[in-house]
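Enquirer: build me a model:
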Amino acid sequence: MSTLFDHTDHSLYSNGMTFLRQPMVQNITAIDADVVVLGLPFDLATSGRPGARLGPDAIRRASVHLAWEEIKYPWTFPLFERLKLADAGDFTYPVGDPEYFTAQLELAAEQILRQGKTLLGLGGDHFVTLPLLRAHATQHGKMALVHFDAHTDTYANGSQYDHGTMFYHAPNEGLIDKNSSVQVGIRTNYTQAEHGFKVIDGAESNALSAHTIAEMIKHSVGELPVYLTFDIDALDPAFAPGTGTPVCGGLTTDKALNILRELKGLNIVGMDVVEVAPAYDNSEITALAGATIALEMLHLWTYKHKLGN
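Expert: Numbers count the residues shown, from 1 in each chain. Down below sits the predicted model:
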């Protein structure tokens, strides 16, 4: 818990400058942390409503609601006695230059990963995952993707910068093995022939138990290192209205959290939460969902890599 003026801040409203009020690091070439949070304020690849560039700030501010609890329900260990977390702030780039953003984010992420650190990205639109996958592949080789979303994002739209095309490009570039990858919560149209990815669609995601879904995911990914990406529109708009491309019929926040918790033991090597667009949010419920999902990811990573499970 962070302190200011020799007083521990347990409030739910102040000092939300970093994720969970953890220390900020400004020199990414010498980071003393296990996991590094990196904000990605980019929404130049959106096809729907813009505004996800403000997502990292909203998630950080909402995270103060979670920072006070030393042992987060329902986990049984104090996270920050086992995990050292640092927030590297937001990745900056010349406004309106997606080419620069893509190339330089990949290089910056590689710099962090080469130090043996793990990245937690806060988007930003979902396109940010593609340069992150490129960076992770240089360190971990081909990965399995575990992908929560309303959309498959496997569309060959012909654009280099489109938040619906990342998982068309990623397997073609050899970054992920789509036959070992799983997409959860899908409830929009996609071409099923030769899709490759295991899809647990919106109806199945709601009907099946969290345990069953997690077992299906674990069976698919096998022993491959896992990149975990969560588009907030995997949640139903009743639980996450603050996003650019909302689709009815999604997961409840509770169901999504329970699925994540059932993924204990997965070898997660990279992770992100994307597509929070606070302009469309109500009472910060989308930002709070994004912050809570990111916190669950940190628990999953710690359970595997620090507790040895």
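
Enquirer: need the CA coordinates for the helix ranked longest in the chain. PDB is fine.
Expert: Looking across the chain with DSSP state H, the single longest helix is helix 285-305. What follows is helix 285-305, C-alpha atoms only, in PDB (Å, rounded to 0.1, in the frame of the first residue of the first chain):
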ATOM      1  CA  ILE A 285     -18.300   0.300 -13.800                       C
ATOM      2  CA  THR A 286     -16.400  -0.600 -16.900                       C
ATOM      3  CA  ALA A 287     -13.200   0.900 -15.700                       C
ATOM      4  CA  LEU A 288     -13.600  -1.000 -12.400                       C
ATOM      5  CA  ALA A 289     -14.300  -4.200 -14.200                       C
ATOM      6  CA  GLY A 290     -11.100  -3.600 -16.300                       C
ATOM      7  CA  ALA A 291      -9.100  -2.900 -13.100                       C
ATOM      8  CA  THR A 292     -10.500  -6.000 -11.400                       C
ATOM      9  CA  ILE A 293      -9.800  -8.300 -14.300                       C
ATOM     10  CA  ALA A 294      -6.200  -6.900 -14.500                       C
ATOM     11  CA  LEU A 295      -5.800  -7.600 -10.800                       C
ATOM     12  CA  GLU A 296      -7.000 -11.200 -11.300                       C
ATOM     13  CA  MET A 297      -4.400 -11.600 -14.000                       C
ATOM     14  CA  LEU A 298      -1.700 -10.600 -11.500                       C
ATOM     15  CA  HIS A 299      -3.000 -13.200  -9.000                       C
ATOM     16  CA  LEU A 300      -2.900 -15.800 -11.700                       C
ATOM     17  CA  TRP A 301       0.600 -14.900 -12.700                       C
ATOM     18  CA  THR A 302       1.800 -14.900  -9.100                       C
ATOM     19  CA  TYR A 303       0.100 -18.200  -8.300                       C
ATOM     20  CA  LYS A 304       2.100 -19.900 -11.100                       C
ATOM     21  CA  HIS A 305       5.400 -18.100 -11.100                       C
END
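
Enquirer: what helices or strands is that helix leaning on?
Expert: strand 35-40, helix 55-62, helix 79-82, strand 118-123, strand 226-231, helix 253-261, strand 268-274 (3 or more C-beta pairs under 8 Å, 6 or more residues apart in numbering; DSSP states H and E). Quick note: C-beta positions are derived from backbone N, CA and C, even for glycine.

Enquirer: out of the ones you listed, which is closest to Thr18?
Expert: helix 55-62 (6.3 Å; C-beta to C-beta).

Enquirer: angle of the longest helix of the chain against strand 118-123?
Expert: 170 degrees (axes from the mean of the first three to the mean of the last three C-alpha atoms, to 10 degrees).

Enquirer: for helix 285-305, the distance to its chain's centre please.
Expert: Distance of helix 285-305 from its chain centroid, counting by C-alpha atoms, centre = their mean, to the nearest Å, is 8 Å.

Enquirer: quick revisit: reformat the helices and strands packed on helix 285-305 as JSON lines; add distance to Tyr93 and mean pLDDT.
Expert: Below are the helices and strands packed on helix 285-305 laid out as JSON lines (distance: least, C-beta to C-beta, whole Å; pLDDT from 0 to 100):
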{"stretch": "strand 35-40", "distance to Tyr93": "10", "mean pLDDT": "98"}
{"stretch": "helix 55-62", "distance to Tyr93": "13", "mean pLDDT": "98"}
{"stretch": "helix 79-82", "distance to Tyr93": "31", "mean pLDDT": "97"}
{"stretch": "strand 118-123", "distance to Tyr93": "14", "mean pLDDT": "98"}
{"stretch": "strand 226-231", "distance to Tyr93": "20", "mean pLDDT": "98"}
{"stretch": "helix 253-261", "distance to Tyr93": "30", "mean pLDDT": "98"}
{"stretch": "strand 268-274", "distance to Tyr93": "16", "mean pLDDT": "98"}
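
Enquirer: will you turn these into CSV that also has mean neighbour count?
Expert: Formatted as CSV, those follow (neighbours: other C-beta atoms under 10 Å):
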stretch, mean neighbour count
strand 35-40, 24
helix 55-62, 25
helix 79-82, 14
strand 118-123, 24
strand 226-231, 27
helix 253-261, 20
strand 268-274, 25
